[in-house]
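A.B. asks: this is a predicted model, with the sequence first.
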Amino acid sequence: GFAPVVVEEPAFRQNLRAGSPLGLHASCTANYTFASTSCESVSNGLVAAAASMSGFANCGSSEKCGYSILSHSASEVTGKHETPVHHYKDDLSFALSPTGPSSCEVKGHSTSEIWYAVLDDGTNYCNLHNLVSATGLTFTENIDKS
């Protein structure tokens, strides 16, 4: 959990005064390949992983807590992650696409709810990686660095 960085540029402040935020949000997109797991099992795994990391009682010194699921199906999972210290909230979405009878491609996306958070020191990546890793399923990961 790191505090968001606020952009300090005159044009940015002028837009703020005009009441029109520029829509800057820290975010991360990652692609996951589950070569031997169906999308339904991946979806169920994400839901179970979020349940095991819900609340803030067992955070310790990490951010492997504060997860909640808003909706889930075999093709999409949406949820939130809340940081344990400052309680910043990030929106999570996973689009699941079958690539065979027992394989699944997943596009995960995490974005800060705070519109002025433009750099997050990897928090959005960790939101995705920690949740997918907690499924216990075998996967490969490819991060979109654009």
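C.D. replies: That came in fine, so what should we check first? Numbering: from 1, shown residues only.
A.B. asks: give me the most central residue, the protein.
C.D. replies: Centroid-nearest residue in the chain: residue 110, 3.2 Å away (criterion: CA atoms, centre = their mean).
A.B. asks: mind checking what secondary structure that residue has?
C.D. replies: Assigned by DSSP: H, G, I helix; E, B strand; the rest coil, the conformation of residue 110 is strand.
A.B. asks: buried ones in the helix or strand encompassing residue 40?
C.D. replies: Assessed by DSSP states H and E, residue 40 sits inside helix 39-52. Within helix 39-52, the residues scored as buried using 16 or more other CB atoms under 10 Å are 39, 41, 42, 43, 44, 45, 46, 47, 49, 50. Any C-beta I mention is one placed from the backbone N, CA and C, and that applies to glycine too.
A.B. asks: quick one: neighbours of the nearest residue to residue 71 once chain neighbours are set aside, just the number.
C.D. replies: What sits nearest to residue 71 in space, not counting adjacent residues and going by CB to CB, 6 or more residues apart in numbering, is residue 78, at 5.0 Å. Neighbour count for residue 78, taken as other CB atoms under 10 Å: 16.
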